[in-house]
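Visitor: I'd like to go over a predicted model; first the sequence, then the structure.
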Amino acid sequence: MEGLELTAFQIISSVGSARSCYIEAIQEAKQGNFVKAESLIAEGDEMFVEGHDAHANLLTQEAQDGPGSTLSLLILHAEDQLMSAEGFKTIALEFMDAYKRIESLEQKIAKK
């Protein structure tokens, strides 16, 4: 495996790991482990950047070589995974905020 296939798998692997971190961050936040959740978001961001950079390199290569580069289902899948991971990060951050608010409200109620 080389070239385009290798890059596609690099994107899929990196952003798949990022998405897993984002999902795990939601689970940690649900348990009230906000420091761990934030750490998982940061870890996911590092993995996402690796995948995003590989994708950006493909775009740069196509811009330099002109249209006609090979477009395959594998590349389409890699791009789909990239966008999915980005969406999961947004969702994870929203869930974390919601769980923080719930915990804060529960603490206020418990003090009464």
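Guide: It's in.
Visitor: roughly how far apart are residue 38 and residue 56?
Guide: As judged by CB to CB, to the nearest Å, residue 38 and residue 56 stand 26 Å apart. C-beta here means a position set from N, CA and C on the backbone, and glycine is covered the same way.
Visitor: quick one: which of those two has more around it?
Guide: residue 38 (15 against 11; other CB atoms under 10 Å).
Visitor: which helices and strands sit right next to the helix or strand that that one is a member of?
Guide: Per DSSP states H and E: residue 38 is located in helix 34-65. Contact partners of helix 34-65 among helices and strands, from 3 or more CB pairs under 8 Å, 6 or more residues apart in numbering; DSSP states H and E: helix 3-30, helix 73-111.
Visitor: got the angle for that helix vs helix 73-111?
Guide: 160 degrees (axes from the mean of the first three to the mean of the last three CA atoms, to 10 degrees).
Visitor: between helix 34-65 and helix 3-30, how big is the angle?
Guide: Computed by the same axes, to 10 degrees, the angle between helix 34-65 and helix 3-30 is 160 degrees.
Visitor: Any regions of the protein where pLDDT drops low?
Guide: For the chain, the stretches with pLDDT under 70 are 1-2, 66-71.
Visitor: Distance of the residue sitting nearest the centre point of it relative to residue 111?
Guide: Nearest to the geometric centre of the chain sits residue 85, at 3.4 Å (CA atoms, centre = their mean). Separation of residue 85 from residue 111 (CB to CB) stands at 39 Å.
Visitor: didn't residue 17 look like it was pressed against residue 47?
Guide: Yes - using CB atoms under 8 Å, residue 17 is in contact with residue 47, at 4.4 Å.
Visitor: what do the two both touch?
Guide: With contacts defined as CB atoms under 8 Å, 6 or more residues apart in numbering, no residue is shared by residue 17 and residue 47.
Visitor: Tell me how many other residues surround residue 42.
Guide: Residue 42 has 11 nearby residues by other CB under 10 Å.
Visitor: nearest spatial neighbour of residue 32, skipping sequence neighbours?
Guide: Leaving aside its chain neighbours, residue 32 sits nearest to residue 103 (5.8 Å; criterion: CB to CB, 6 or more residues apart in numbering).
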